[in-house]
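**Q** Sequence first, predicted coordinates after that:
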Amino acid sequence: MASQRRKSRSESLTLRYAILGGWALFCLMPVLWFLSIGFRPRTEIITAQPIYWPTFSLDAFWMIFEDWPMWKYLRNSVLAIIGSVLIDLVLAIPAAYSLSRYTYRGRDDIGFYILSTRMMAPAIVAIPIFFLFRNAGLLDSVWALMLIYAAINLSFVTWIIRSYMMDIPKELEDAAKTDGAGDLRILWEIIIPAILPGIITASVIAMIFAINEFLFTLLIASTPNAYTMSVALANFTGGSDGLIYNAIALVAFLAFVPVFIVVVAIQKHLSRGLTMGAVKG
Amino acid sequence: MKNSNHLSRRSFLKSSSAAGLAVGGTSWGAQAFADGHLPDPQSVLDEISINKYVREDYRALYGMSDDKPIWDSNKDWIRTVDWEAVRSELAGTTVRFAIGAADAESAAEGLVPFEKLSGIKVELVPIPDDSFYDKALAEFISGNASFDALQFFSPWLGDFAAPGFLASLDDYADKWGLPLDDFYDTYRLNYGFFNGKMYGIPFDCDIQMVHVRKGYMETLLGGAVDKVNSIPTYDELIRVSGELNKIEPGVSGVGMMAAPGFWSTYTWEHIAAQAGMMLFDENWEPIFNGDAGMKGLEIILALSKNANEGHAGAGWPENRAAWLGGQVATNISWQDSGTQAMRPDQSQIVDDFVTIYEPRIEGGRFAPPNIAGSTSCVAASAQNPEGAFLMLAFLTTASIMAMNEANANGVAPGYKSVLQNTNLQEVSQPAKVWGDSLEHAWCSPRLPGAFPIEQAIGNEINRAVVGQISAKEALDNAAAAVKQIMSSNGFYQGNDPVDYAAAAPGLYVGEGKDLPF
Amino acid sequence: MSTTNLSATGAAQSAPVRTYRRRSKRLKKWFPYLLVAPAVIYLMMITLYPGIYAIVQSFYAVKFGPWQPIGFGNYERLWGDYQFWGALWNTFVMGSIALTLQCVIALALAFYAYRDPWVKGWRIIFLVPMLFMPSAVAFIYKLFFLDARVFADLLIRIGLIDGNIAFQSSIWMSRSILILADVWQWTPFLFIIFVAALQGQDEEVEEAARLDGASWWSIFWNISLPMMKPVIAVALILRGIDITTMFTNVFIITKGGPAFGTETISYFIYRTGFKFFDFGYASSASVIMLILTIIIAQLVVKRAFVSAKE
């Protein structure tokens, strides 16, 4: 049992905690510092000598919501994310079912093709996508973002779900089949409920990748109609004010908190999700 | 306007709405055309005042009020033009104005007085700031641009005017009495004219200057800073920056922008111009890799030893932050460094700095550089060119521009009547030096292909600053790259898109004039 | 309605039933393809179609006007373009250093953490950097090292140095910032995977080794690591692919400078396409990147994933 491991002591306890603790500090210090940047007045951010004990200020907070269409950025992020994940699920679940439950010629090649799109660097298709969307009049719309995010995430959503589907014992299906159920009904009523954790994991990871997406969003979005939080950060230049770091910091945390909560909730499945099923958590 | 990532209108329009105009705006807006009855022009003009447009904290700080006007009403176009005539001809028409994305809301408010005065409705067409150049070009090329009026980075004037995408404004300027002579020559010629015809109204009128920290300088000099003589040459600046480097922890001797791309180009043009550099000869052959250009780059390399850590990656936002935060003892940047540093809500060095006259170079000339800036133009395919012209004339009028300067939002006036106004000089520290300097300004020609040219030069200069190549190599590479860009834009084939004789007067306006000191 | 005579075994003889079975057999045969088709078609629209578009466009000079055909002109220019080769080199150098560091650190952390009673807590803490938006992380590092000079100031206070550190005047220093930002943000990615793999280790084997007197370290070295090889391979491939697309950090922190020393291939494509508007040229670079991707996919990924599949 894992508990046995936990009980056994290592000869280098101090070393272990030094290393783990050290890295934990390395992880958290920049975060805490950045938080302090978010809650201080602008003039205290860039100074001859850095100010380590700033005065508290909510300037950035008001600025984000008054001077910028923050609600629009939020809205765009949320819409694009939810939309793209829905598209992905609709496409991926049948595809994963096909890849996991059937044998047919070309199955492995198809599976590999889907997998390989995960490897497609955005820069490879950035220029054509820009032209195609421009010609279709889709530039600067949340729809375009939805389509792109869905495409980026489809491969691993498919593979994650496939991995969870492979776990379901065949007996479950066979029982339903002898009852006369068709394949689609089996899918809908038995398999999907059984792999709910997989669907959730895939959706969460897809959402994170969508929130983070930068290059395509940068090229496609050009007005607050379509800016997401990720790209809006890079544009917080406030006209003649230069970079507004305290606002950037607050927006960063705004996006961080929900993601953190959700990821902690599914952390058991995280490893399996990130490796598309290759490594079970 | 320092950065093709944002157009400075945004700041003006933002500040005007912040100043309380918004309150008036909303009530005006609702009413504007509801009953088809336009208000008395004078009442609208009275609202365009310091009390309404300038920030309350700045007004209190400097004791500003409409009793101490910062502009000359006789030169303020909105107060001299006949609005009734405008209304009789154009009321009820519409103008489509290309506006940077984030500006749309505040722009709408700032234009309400115009709509009231003229009866012309303004439709805003949001165009993304950071792809304004290619978006605008693409629309022009399609032959059917979705906007009538636009404001953009002035170096692009060549790109837009040469292929005939802009409408000429000479007739309108005459008809409606635009006070062209009130603009400093360098702005009028370079932002407004192309091949002898007028295409633009100067909007954000920039100049690069040298600013120094009073406290440190006084310690070094043992006395007050003399704007003419404390740092009379660039060699002196090199020496001073060396002395002041690390004078306090975290403070570097000089701040400058040497990031790849046009930032480096601008810094280099600034200094090389003082060495007498011209970019091209009369046949448009690049000659900037000659002695003068080399001298400029050598000075940059020398200064770079005393410059702040990030200078090789600094563009305007970084440089501005470093200066206002007190990280540098001297700064080579735009004029707004001298104004914004006065404002306590933006700056850590209030009252501790002064803007000096441009340092000279032995064998060169006094040629403070007119760099960047933005201009306002009308599309050749405009549906309502005259209305567009009037709207642009409104936005660029002296009083509004003066109040932009008072608000320290980086949008700069180019009017003699404004910069020489003593009340304005009280709220804008660099104004006097700036105004004097403009009579001797250097400027780069507006050419098609200016955008990639500036990038190509700047990339090479950055390589030299970082030490990857020598100064000579950098400038030679740059010259080769520029030649290539120029020829792909139609030069050297017997029919240059820009007539050198037409452009020449604007390149250096100080010929033969006495120094202001 | 038929004259079928259904026997107890369900065998049917009449024509309508046979038709039904034939139709259902055909449907059954195509059914899995139908299920997977929408996903494949969608992906082709966003990858294959643009890929072909890029290939075609790479044979033209494209700016704002009509496309001019120039054959292999773009590729010839690419061949002689020091910035292009520099971008490939930068991507390789920064990517491999960052990846190596991440891997070593993640393995070390996983080694110490997986038997720790507080492993769940460590995991949550270590996850934090990964959950920020990459653009936010880039700003953190830009502010810390460059704009606010906090790093230099801390070193000065400790007394290690006494003056300015010109990060952006040195190619390697700028690269180090990007590498550090990547390591900070993405080590957790590897850590999570490695910890999961270690926790999945067969305990009896571990117990037996412990009883034999083996130290934790030698267990790790001789048992765990070999067992983890496929996992490490998969994790490194995934992370490696993402590293080669490094863009956000470059865009926000260094913009490819100084002197193009931190320009990755993605940034090169972006810059040529969207700052110089040389779309045909940028497309040709995209095509080269595509070819490299396909090669790597066939050689490396297929093997690793196919073996990791059930």
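**A** Looks like it arrived, so ask away. Residues are numbered from 1 along each chain as shown, chains lettered A, B, ... in the order given.
**Q** Report the contact partners of A:R162.
**A** A:95-96, A:99-100, A:111, A:277 (CB atoms under 8 Å, 6 or more residues apart in numbering or on different chains). All C-beta spots, glycine's among them, are computed from the backbone N, C-alpha and C.
**Q** Closest to chain C out of the residues you listed?
**A** Checking these against chain C by CB to the nearest CB gives A:A95 as the nearest, at 3.8 Å.
**Q** pretty sure the closest one is in a helix, no?
**A** Yes. Using DSSP: H, G, I helix; E, B strand; the rest coil, the assignment for A:A95 is a helix.
**Q** Run through the residues of the stretch 51-200 of chain B sitting next to chain C.
**A** B:131, B:134, B:137-138, B:141 (CB under 8 Å from any CB of the partner chain).
**Q** Could I get those residues in TSV, plus columns for pLDDT?
**A** Below are those laid out as TSV (pLDDT from 0 to 100):
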residue	pLDDT
B:S131	72
B:D134	78
B:L137	83
B:A138	79
B:I141	80
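**Q** Buried among these? Make that a PyMOL selection.
**A** PyMOL command restricting those to the buried ones, with burial defined by 16 or more other CB atoms under 10 Å in any protein chain shown:
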select buried, chain B and resi 131+134+137
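**Q** just the residues of the stretch 51-200 of chain B next to chain C that are near chain A?
**A** Among these, chain A is touched by B:S131 when using CB under 8 Å from any CB.
**Q** Please identify which pair of the residues of the stretch 51-200 of chain B next to chain C lies farthest apart.
**A** B:S131 and B:I141 (14.6 Å; CB to CB).
**Q** which SS state does the closest residue to A:P54 other than its chain neighbours fall under?
**A** In space, and not counting its chain neighbours, A:P54 is closest to A:R40: 3.7 Å by CB to CB, 6 or more residues apart in numbering or on different chains. Here A:R40 is recorded as coil under three-state DSSP.
**Q** Could you list the domains of chain C?
**A** Using automatic domain parsing, the domain parsing of chain C gives C:15-46, C:73-308.
**Q** any idea which of the ones you listed is most buried?
**A** Between these, domain C:73-308 has the highest mean count of neighbours, a mean of 20, where neighbours are mean count of other CB atoms under 10 Å in any protein chain shown.
**Q** So for it, mean pLDDT?
**A** Mean pLDDT, computed over domain C:73-308, is 87.
**Q** Same check on stretch A:118-133?
**A** Here the average pLDDT along stretch A:118-133 is 87.
**Q** neighbours around whichever residue of the stretch 351-500 of chain B sits closest to chain A, how many?
**A** Chain A sits closest to B:G410 of the stretch 351-500 of chain B, with a gap of 3.0 Å, by CB to the nearest CB. Counted with other CB atoms under 10 Å in any protein chain shown, residues neighbouring B:G410 total 30.
**Q** does it sit in a helix, a strand or a coil?
**A** Following three-state DSSP, the label given to B:G410 is coil.
**Q** go on, B:F389?
**A** Applying three-state DSSP: B:F389 is helix.
**Q** Leaving out the residues flanking it, which one is nearest to it?
**A** B:Y172 (4.3 Å).
**Q** just the contacts of A:R162 that are near chain B?
**A** When CB under 8 Å from any CB is applied, no member of the contacts of A:R162 is adjacent to chain B.
**Q** Write the ChimeraX selection for whichever of these are buried.
**A** A single ChimeraX command selects the buried members of the contacts of A:R162 (16+ other CB under 10 Å):
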select /A:95,96,99,100,111,277
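**Q** so what's B:T355 bridging to?
**A** Beta-bridge pairing for B:T355 (DSSP bridges): B:H211.
**Q** That one and B:W434 touch, don't they?
**A** Yes. Between B:T355 and B:W434 there is a contact at 7.4 Å, judged by CB atoms under 8 Å.
**Q** Overlap in contacts, those two.
**A** Common contacts of B:T355 and B:W434 (CB under 8 Å, 6+ apart): B:209, B:335, B:338.
**Q** State the distance from the second one to B:A408.
**A** Pointing back at B:Q335 there. According to CB to CB, to the nearest Å, B:Q335 and B:A408 sit 11 Å apart.
**Q** tell me which element the spatially most central residue of chain A falls in.
**A** By CA atoms, centre = their mean, chain A has its centre lying nearest to A:I208, at 1.1 Å. Using DSSP states H and E, A:I208 sits in helix A:196-212.
**Q** Below-threshold pLDDT in chain B: ranges please.
**A** Residues of chain B that meet the criterion pLDDT under 70 lie in B:1-36, B:101-106, B:128-130.
**Q** Convert the C-alpha atoms of the helix or strand just after the helix holding A:I208 to CSV, please.
**A** Downstream of helix A:196-212, the first helix or strand assigned by DSSP H and E is helix A:215-220. C-alpha atoms of helix A:215-220 as CSV (Å, rounded to 0.1, in the frame of the first residue of the first chain):
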residue,chain,number,x,y,z
LEU,A,215,-0.8,33.2,-31.2
PHE,A,216,-4.0,32.5,-33.1
THR,A,217,-5.9,34.8,-30.8
LEU,A,218,-3.4,37.5,-31.4
LEU,A,219,-3.8,37.3,-35.1
ILE,A,220,-7.5,36.8,-35.3
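**Q** Run the contact check for helix A:215-220 versus chain C.
**A** Yes. Contact of helix A:215-220 with chain C (CB under 8 Å from any CB) involves A:215, A:218-219.
**Q** For these, which entry has the maximal number of neighbours?
**A** Ranked by the number of neighbours (other CB under 10 Å), those place A:L218 first, at 25 neighbours.
**Q** Excluding chain neighbours, give the residue nearest to that residue in space.
**A** Sequence neighbours aside, A:V231 is the residue nearest to A:L218 in space, at 5.3 Å (criterion: CB to CB, 6+ apart).
**Q** just checking, that neighbour touches A:A221?
**A** Yes. Counting by CB under 8 Å, A:V231 touches A:A221, with 5.9 Å between them.
**Q** who does the helix holding A:I208 touch, helix- and strand-wise?
**A** Under the contact criterion of 3 or more CB pairs under 8 Å, 6 or more residues apart in numbering or on different chains; DSSP states H and E, helix A:196-212 touches helix A:70-101, helix A:142-167, helix A:229-234, helix A:245-265, helix A:267-274.
**Q** Only the buried residues of whichever helix or strand comes after the longest one, if you could.
**A** Once helix A:70-101 ends, the next helix or strand along the chain (criterion: DSSP H and E) is helix A:107-116. If you call a residue buried by 16+ other CB under 10 Å, then helix A:107-116 has these buried ones: A:107, A:110-116.
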